[in-house]
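**Student:** Quick check, what structure comes out for this input:
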Amino acid sequence: MAVLKKKKGFFGRMAERIGDVIMAHNTVDEDMMDELEEVLITSDIGMETTEKIMDDLRDHIKKDYIQAPERVKKKLTEIIAGLMDKGDRLKLSSNYPLVIMMIGINGGGKTTTIAKLGNRLKQEGKTVMFAAADTFRAAAAEQLTIWGDRIGINTVHHEEGADPSAVLFDAIQSAKAKNIDVLICDTAGRLQNKKNLMIELEKMNKVIDKEYPEASRETLLIVDATNGKNAVSQTQEFNEAAPLTGIVITKLDGTAKGGIAITIADEFDMPIKYIGVGEGIDDLEQFDPLEFARGIFDE
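**Tutor:** This next block holds a predicted model:
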C-alpha cells in the first residue's frame with residue numbers, strides 16, 4: 001500500500017492537522033485531546049467511532065504514562081489499525097470454486113472494480129469468469145464485456161432487461177463446465193428499490209444454493225470513498241439486503257474522505273478487503289490496516 005503515501009488528499013490533510021495539534025502542545029492535556037477529537041470527527045470518522053478511539057487513547061495515556069505529544073501519534077496509529085484489523089476475514093476466501101457477488105449503487109465504480117479484481121486474481125494464477133447480471137442499467141453488460149475482453153476474461157451476458165438470475169444460472173453452468181476458479185457476478189445497484197433489490201439478491205443466492213452448492217461465496221459491497229457519510233447508510237442498507245462478507249472502497253485517492261473507511265470497519269465489524277487507489281487496471285490493492293493507519297499519520 002505504499003501508493004497511499006504518495007497521495008496528498010485526505011491523508012495529507014489529516015496528517016497535517018494532527019501534526020499541527022501535536023506541535024502546538026508541549027504536553028498531553030485535555031485541550032490537546034479535544035482538538036484531536038475535532039480533527040477525527042471532521043475527517044469523516046463517525047462520532048461513535050471517534051469516541052471509541054479517544055476513550056482507548058485516554059486509557060493508554062493513563063496506563064502508559066504518556067506525556068510526550070509525539071507518542072500520542074504512534075498510539076493513535078496502533079488504535080486505528082486495531083479497529084480495522086479483522087484478522088483472516090481481511091483476505092478473500094481461498095476455497096475454490098468461489099462465487100463473488102459484487103453489489104453497490106450505480107456510479108460507485110462497481111464495473112471497473114470487477115475488472116480490477118478479475119485482473120488481480122488472474123495475475124495470481126486463478127481462472128476467472130464474469131457474469132453480467134446488472135441487466136437493468138443501460139450498457140452495463142457491454143461495459144463489463146469490453147473490460148473482460150481487454151484483460152482476457154470471458155463474460156456471460158444476456159440482453160438488456162433480462163432476468164439477472166438467468167444470467168447467473170448460465171454463468172454457473174459455464175464456470176462448472178470449464179472448471180473456473182472464480183466467478184465474479186455483477187448485480188443491479190438500485191438502492192431506491194430496497195424491497196426489489198432484496199428479492200432479486202435472495203433469488204440469485206438461491207440459484208447458487210441449488211446449482212453450485214460446492215462453491216464458496218463472498219458478497220462484497222463497493223463503496224465510493226468520496227461519498228463520505230452516505231457510504232455508511234449504503235453499507236447498512238445493502239448489508240440488510242444481502243449479508244456482506246467484506247467491503248471494497250474505491251476512489252481512495254487525493255480527493256477522498258478516507259475516514260469513512262475507519263467508521264465502516266468499526267461500526268459494522270466489517271473487513272475491508274481491497275481499496276481502489278487510482279484509475280488503472282492495477283490500482284486495486286489488498287487492504288492492510290497498519291499500512292492504512294501509517295498512511296494517515298506518516299505522510
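**Student:** and Val156, backbone torsions?
**Tutor:** Dihedral pair for Val156: phi -90, psi 130, per degrees, to the nearest 10.
**Student:** so what's it up against?
**Tutor:** Taking CB atoms under 8 Å, 6 or more residues apart in numbering as the criterion, Val156 is in contact with Met129, Phe130, Ala131, Ala132, Val167, Asp170, Ala171, Ser174. C-betas here are computed from N, CA, C, even on glycine.
**Student:** Name whatever forms a beta bridge with it.
**Tutor:** Judged by DSSP bridges, the bridge partners of Val156 are Ala131.
**Student:** Could you report the distance from it to Ile180?
**Tutor:** Val156 sits 10 Å away from Ile180, taking CB to CB, to the nearest Å as the criterion.
**Student:** The spatially most central residue of the chain: what's it in contact with?
**Tutor:** The residue lying closest to the centre of the chain (CA atoms, centre = their mean) is Val248, at 2.1 Å. Shown in contact with Val248 (CB under 8 Å, 6+ apart): Thr113, Leu117, Leu220, Leu221, Ile222, Val223, Ile272, Lys273, Tyr274, Ile275, Gly276, Leu284.
**Student:** ok, 6 Å please
**Tutor:** Counting by CB atoms under 6 Å, 6 or more residues apart in numbering, Val248 makes contact with Thr113, Leu220, Ile222, Tyr274.
**Student:** what's the host helix or strand of Ile53 packed up against?
**Tutor:** For Ile53, the host element (DSSP states H and E) is helix 47-63. Applying 3 or more CB pairs under 6 Å, 6 or more residues apart in numbering; DSSP states H and E, we find helix 47-63 packed against helix 30-41, helix 69-84.
**Student:** can we see that at 7 Å?
**Tutor:** helix 30-41, helix 69-84, helix 259-267 (3 or more CB pairs under 7 Å, 6 or more residues apart in numbering; DSSP states H and E).
**Student:** Do you know the pLDDT at the residue nearest to the centre of the chain?
**Tutor:** Val248 carries a pLDDT value of 95.
**Student:** What would the helix or strand harbouring it look like as CSV? C-alpha coordinates only.
**Tutor:** Using DSSP H and E, Val248 maps to strand 246-250. Only the C-alpha atoms of strand 246-250 are listed here, as CSV (Å, rounded to 0.1, in the frame of the first residue of the first chain):
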residue,chain,number,x,y,z
GLY,A,246,-16.5,-7.5,3.0
ILE,A,247,-16.1,-4.0,1.6
VAL,A,248,-14.1,-2.7,-1.4
ILE,A,249,-13.5,1.1,-1.1
THR,A,250,-13.0,2.8,-4.4
